[in-house]
Each structure stands twice: as C-alpha cells, then as structure tokens.
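*Asks:* Sequence first, then the predicted structure, then my questions.
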Amino acid sequence: MHTLRSPARRHTLASLLAVPLAAALLLFATPVSIAQALPAQHHQRDQQAQGYGLCPDNAQLRSAESAPPAQFAQVIHVPVDQPNIQAAVNAAQPNDLILIAPGVYHEAVKVCTSDLTIRGEDRNSVLLDGQSQLTNGFTVLADNVVLENMTAHHYLGNGFYWTDQTGYRGSYLTAYDNGDYGIYAFGSRHGEFDHSYASGSPDSGFYIGQCFPCDAIINDVHAEWNGLGYSGTNAGGNLVLENSEWDQNSAGIVPNTLDSEKMPPQRGATLIGNYVHDNGNAKAPYTIWAHIPLGTGILVAGGDKDYITQNRVENNPDYGILVLGNIDQNFWIATGNVVERNTVRNSGIADLALGAPSGANNCFSDNQATTTLPPLLEATHACGSPLALDGGGDFSVTLRLFANDVNAGLTSPGPSYRPPDFRKIAAPPAQANMPDISAPPAPTIVDAFPAGTTSANGYAPITNTYTPGGSAMLLPLGFTSYSIVQILLSLYGNLLFFALYSAWLAIAFVELAHREDLRGGRRLGWGVVTLGLPVLGPILYYFASGSKLSPRFRLALVLGAPALCLLVTVALLVVASYTLL
C-alpha cells in the first residue's frame, strides 16, 4: 500500500472507465461542475519525508549536483564494510557507491541521502525478500538515487519505490510478487526505468504518477502477469514508454486521469515502439480497478494529447488500442490523442476503439488494423481532418467497461472479483545482468528521448499540430466554451442522427399498424423491408408503399431533418476549432 499517497485512490480508481456511461447520461440532464476537487493536502517534499518520520531532520535529501562525478567518492561493500544494506545507506555520503554481494536480505531499505548509486553484484542472486511482511524493498526519498542490478520480491507494497524527488533511475531491476506495484516513481521528475522486469503486481508492474512534466523514459522493460503492465495516473510531459514488452497482464499500458492525485489530467505521454500482446490474463493478480479494462492492450483513460505510434499490438481479447473518458470527482473527456502508424491485429472486439462520450481531435490514421469501433473510425476521425473535432465515439465500449466494473464490484468486491494470490505467482526466469558492475557514475537519464516525442510544453510536437490546445482543453467537462461545444456536437453530430433514424422507424410502424389498405402479407412485407434494410428501408416505405402521410411531412422527415442536423454540426465544427485555440 502506498505509504505517502492519499488512500482516496483506492476508491476513485475503482471507477476507472466504469462510470462514463452514467456521466454521459447526466451530461445532458444536470450541470457538471468545472471546479476541480482538491485531493488530500501534501506538504513540501522535504517536510513530507521528514514529517512522516521517514527521514531525520538533517537528511541530505536534495542534490546540489548538476552532473555525476567522473568516479565514486568511495565504495561501500555489503556485507564486508557494513553488515546490511540499510547500514550501508546510513553510512554513505553523496556520490558514494554501495555494492551489494549476492545473498538474501530481509530488509525494507529507506534512502534519505542524495546522489547515491546502490548496485547489486548479481541481479539474480542479490535478493531483497519482504517475506510478505515488510512494506517496500526500497523507499527512496532523496534526489538522484540510482538502483541497479538486484531483485525485490514478496513485499506487501512495492519492490522499488521513489517518491517526491528530482532524479531517479532503476536499471536491471527485477520485481516480482509484490502486493501493489513492482517498480514505481511517484511525484518525481527526471528519471528512467530501463532493462527491468516486473511481474505479480496486483496494481501495475511499472508506474510513474503525478508529474508534469515528468521528463522520464521507460525503455526496454518487460511487464507480465500483473494487474496492469503500466499505470500512469496524471503523469505526462516529455514522458516516453518505448521498446518494451507488455503481455499476460489484465491490461497492457494504461495512462489515466484521476482527481485523487494532484495535477490532473494525464497528458503528454508518448508510447512508441512497444510490443503489447496477449493481455487479458485472468490468472494474473489484480485489484478491482485493474480488472475493469481486462483484455485491452493500450488504453488512454481520460488523457489528453498522448501520442501512440509504431507499436505492435496483438492478440488482446477485447480492444487493441482504446481511447475513452474517465470519471472521478470530475468527468475527464479524452481530447487530442493521436493514434497513428501502429500495427494492431487479432483483437477480440476491435483493434481500434473510441468510447463515447469523447472530446475533440482524438485521431486515428495510417494504422494497420482490421476492426474499429465506431466503424470507419479512421475515416471519421482521421488526423488533421476537421471531422475529428466532433468527439463522438461508441457507447458499446463504455457499456462493456461499465459491466466489467459492476462485476468486479465498483468500490467493493463483486461477483467476478476473485484475484489470485500475488504471493503465489511463479518466480520469473533469470534476467540479464548489468554488463559492468564496476561502471562509473552515470546520469539518471541515460537514454536519449526519441525524435519527435518532446517539446518545451511537454507534448509531442505532432499533437501540438493537430490540437493547439489551451487551458479549456485541460479542464474537466463542465460549462466552458470547449465543453459546451462538445456536448452540442455529441448531440447533433452523433446522437440526434440515431434518434432521427429511430423516429423514422417508429413513425413508419405506427402508420403501418393503422393502414387499412395493406393487409396480411403486404403489411408484413413492408414491415420486413422497413426494419430489415438499414436507412433505406424507412425511406422506401415512405415513398414506395403508398404512405398516407403528407408529402411535405415525409420530405421534412427524410430530407429536412437530417439536413438541419448536418448544417448545425458543420457550424459547430467551425466553432469547435476556435475553442481549442
């Protein structure tokens, strides 16, 4: 369990994706507040660490270093120089290396000194074992702390955990069978996870949360047999997940927005070059909220201006790539997300999906995909097309996730909530070691950000091109000019066309039931034509069956009403382009 973060997330994340249906219904019936509810108060990060009794008052939490030194100040060997890891950390000074010999360490290590590198001599035999009793393998509260080449397992909370600092890196780490997250950074900036592995975490294997800009990279990692492979609440801004594998989780990669953490909405993450496959694993441990998107490869839940490109997404039993709104204390509609040049195939329901209601400029282009919801998604929401200003989406997606949430139990266990015991998931095979355990100090970010993924405002440049954006776009759905236009577009550009078609059918059948000139087989035949031929059936009935409705009424119903809806929709699309400036 998170030791510093508000427990409200336990309840609010259970609504992830599950209540957009209710929000969509309330959207047109009651006002939605634009005021962002304030999460639990957080003190300044130094006061937070010390106030919780985690670090002494004289701890050197903050770093004065602009770059790592050429060599370590000293090397502290465990257990030769100090008997255990915590003793070595307590004795260390900034720019020291702590080198840990193979062995099993039953410790919950707390790091309150900046600019340390803590490194195992062998990734697979330097084992931190929480024995299902201790909270976190490592809790890091100081700047520029690097953890390398070791394994943490069977902790009740997290394997490796950084919180509220600038500068972090986890390289060649293995975290398995821990009770919350595997490898985890919260409220932190300027960091990297690379060449690491996580499994058996009920919440997520990897997590970066509550940061903008995060200025962070996840590169060459593998997450399997977790609730979520990656979860990133309110995390973005020059944040890149790249070249990694996400499989056999409940769901693969899930950036998301919640009010229970600071800095909503989630925005400005880039997912590039990942292999996301075969998720939907009901035998992996999970929490209620991680169970909701079961079977989805990549899911953006209430996020804005995320860039999803060049990923290979295969064999996920529900959705390959899904963009959807999310409700917590506010309702956050997804806006301006760009999904392009991905290969998505063998998804059980749809390779690409946009859930309703959604915001403007979620666009899909140049993907290799077979099935989409709504149909023709890459035509109606092509990147750069003005049609993408009409948010739209498919309500069946929302309904399905709502059903998942009901079955999982909303905020308390439901009929389908039977998670496996995280402590009993099989241990992973041996993982690749750090090539050189005598390597000198290195920066907290060692990999370059891919071209086209960062900018001064934290967004991938291509998302700035399609959605210039502004403060209105980042607000929860309420009575701003942006949200009002999107509500009207949802009505005129989507729902009213379906309502109009329903009216065509209803009027035709009411008249058909009262027509005395049609009897027996003829009446039944026209009923079959009206209902069996989508769109054309009612039109044929009105103009070919001898309908007794006045010609003027029939023309107004079949031509005038759709033309009016289309005219209003076009006008709203023009207005919508100005609300995004």
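*Replies:* Looks like it arrived, so ask away.
*Asks:* And stretch 254-274, what's buried?
*Replies:* Across stretch 254-274, burial judged by 16 or more other CB atoms under 10 Å covers 254-274. For the C-beta atoms, the positions are set from N, CA and C on the backbone; glycine is no exception.
*Asks:* With adjacent residues omitted, what lies nearest to residue 464?
*Replies:* The spatially closest residue to residue 464, leaving aside those adjacent along the chain, is residue 455, at 6.5 Å (CB to CB, 6 or more residues apart in numbering).
*Asks:* Give me the pLDDT for the one you found.
*Replies:* Residue 455 is assigned a pLDDT of 93 by the prediction.
*Asks:* Residue 497 too?
*Replies:* With respect to pLDDT, residue 497 scores 81.
*Asks:* gap between it and residue 324?
*Replies:* According to CB to CB, to the nearest Å, residue 497 and residue 324 sit 21 Å apart.
*Asks:* Would you mind telling me which of these two has the busier surroundings?
*Replies:* Per other CB atoms under 10 Å, whichever of residue 497 and residue 324 has more neighbours is residue 324, with 30 against 16.
*Asks:* Residue 298 is in contact with the more buried one, correct?
*Replies:* No: counting by CB atoms under 8 Å, residue 324 does not reach residue 298; the two are 11.3 Å apart.
*Asks:* Mind splitting the chain into its structural domains?
*Replies:* Domains of the chain are assigned by automatic domain parsing as 45-424, 481-579.
*Asks:* from the chain's centre, how far out does the first one sit?
*Replies:* The offset between the C-alpha centroid of domain 45-424 and the centroid of the whole chain comes to 9 Å, using CA atoms, centre = their mean, to the nearest Å.
*Asks:* Can you name the residues that contact residue 526?
*Replies:* Taking CB atoms under 8 Å, 6 or more residues apart in numbering, we find residue 526 in contact with 512, 518, 541, 545.
*Asks:* Top of those residues by number of neighbours, please.
*Replies:* In terms of neighbours by other CB under 10 Å, the contacts of residue 526 top out with residue 541 at 25 neighbours.
*Asks:* Where does it sit: helix, strand or coil?
*Replies:* helix (DSSP: H, G, I helix; E, B strand; the rest coil).
*Asks:* quick one, what contacts it?
*Replies:* Residues in contact with residue 541 (CB under 8 Å, 6+ apart) are 508, 512, 526, 529, 530, 547.
*Asks:* give me that answer again for 7 Å
*Replies:* 508, 526, 529, 530, 547 (CB atoms under 7 Å, 6 or more residues apart in numbering).
*Asks:* where exactly do the helices run in the protein?
*Replies:* For the chain, the helices defined by DSSP state H occupy 9-12, 20-27, 45-51, 85-91, 288-291, 377-380, 395-408, 461-466, 481-490, 496-514, 521-532, 536-544, 551-555, 561-579.
*Asks:* For residue 136, find the nearest of the ones you listed.
*Replies:* helix 85-91 (12.3 Å; CB to CB).
*Asks:* Show me what that closest one is packed up against.
*Replies:* Applying 3 or more CB pairs under 7 Å, 6 or more residues apart in numbering; DSSP states H and E, one finds that helix 85-91 contacts strand 75-78, strand 97-100, strand 109-111.
*Asks:* which residues are contacting the last one?
*Replies:* What that stands for is strand 109-111. Strand 109-111 is contacted from outside by 54, 85, 86, 89, 137, 138, 139, 140, 141, 142, 145, using CB under 7 Å, 6+ apart.
*Asks:* which of the residues in that strand are buried?
*Replies:* 109, 110, 111.
*Asks:* Out of those residues, which comes closest to residue 430?
*Replies:* Of all these, the one sitting nearest residue 430 is residue 109; the distance, using CB to CB, is 22.8 Å.
*Asks:* I'd like the distance between that closest one and residue 86.
*Replies:* Applying CB to CB to residue 109 and residue 86 gives a distance of 5 Å.
*Asks:* Could I get the contacting residues of residue 333?
*Replies:* By CB under 7 Å, 6+ apart, the residues touching residue 333 are 325, 357, 358, 359, 391, 477, 486.
*Asks:* Which per-residue confidence value corresponds to it?
*Replies:* 89.
*Asks:* Give me the nearest residue to it, chain neighbours excluded.
*Replies:* residue 359 (4.0 Å).
*Asks:* Nearest the geometric middle of this structure, what residue?
*Replies:* residue 255 (1.9 Å; CA atoms, centre = their mean).
*Asks:* Now do the same for that residue: its pLDDT.
*Replies:* At residue 255, the pLDDT value in this model is 98.
*Asks:* List the contacts of it.
*Replies:* Counted by CB under 7 Å, 6+ apart, residue 255 has contacts 232, 235, 266, 269, 300, 303, 306.
*Asks:* cool, residue 60 as well?
*Replies:* The contact partners of residue 60, by CB under 7 Å, 6+ apart, come to 94, 113, 114, 142.
*Asks:* what does the model give it for pLDDT?
*Replies:* Per-residue pLDDT puts residue 60 at 92.
*Asks:* Equivalent analysis for residue 48, please.
*Replies:* Turning to residue 48, the model gives it a pLDDT of 49.
*Asks:* likewise residue 133?
*Replies:* As predicted, residue 133 sits at a pLDDT of 97.
*Asks:* if I look at it, how far off is residue 156?
*Replies:* 7 Å.
*Asks:* more neighbours, these two?
*Replies:* residue 156 (18 against 11).
*Asks:* Identify the residues contacting the nearest residue to that one once chain neighbours are set aside.
*Replies:* Using CB to CB, 6+ apart and skipping residues adjacent in sequence, the residue nearest residue 156 is residue 179, 4.4 Å away. If you count contacts by CB under 7 Å, 6+ apart, residue 179 has them with 155, 156, 157, 202, 422.
*Asks:* Closest to residue 351 out of those?
*Replies:* Among the contacts of residue 179, and counting by CB to CB, the member closest to residue 351 is residue 202, at 27.9 Å.
*Asks:* So that closest one is in contact with residue 420, correct?
*Replies:* No: counting by CB atoms under 7 Å, residue 202 stays clear of residue 420, with 9.0 Å between them.
*Asks:* With neighbour numbers in mind, choose between those two.
*Replies:* Neighbour count, other CB under 10 Å: between residue 202 and residue 420, residue 202 has more, with 25 against 16.
*Asks:* surely residue 369 meets residue 350?
*Replies:* No: with contact defined as CB under 7 Å, residue 369 does not count as touching residue 350 (8.4 Å).
*Asks:* quick check, nearest of the contacts of residue 179 to residue 363?
*Replies:* Taking CB to CB as the measure, residue 363 lies nearest residue 202 of the contacts of residue 179, at 33.9 Å.
*Asks:* leaving aside the residues next to it on the chain, what's closest to that closest one?
*Replies:* Once flanking residues are discounted, residue 202 sits nearest to residue 285: 4.2 Å by CB to CB, 6+ apart.
*Asks:* What count of nearby residues applies to the one you found?
*Replies:* 25.
*Asks:* Please renumber the chain so that the first residue is 198 from this point on.
*Replies:* In the new numbering, first residue 198, that becomes residue 482.
*Asks:* show me what contacts it?
*Replies:* The contact partners of residue 482, taken as CB under 7 Å, 6+ apart, are 397, 399, 424, 616, 617, 618, 619, 622.
*Asks:* Repeat that for residue 674.
*Replies:* Applying CB under 7 Å, 6+ apart, one finds that residue 674 lies in contact with 229, 528, 529, 530, 680.
*Asks:* Quick check: strands, which of the residues you listed are part of them?
*Replies:* 528, 529 (DSSP state E).
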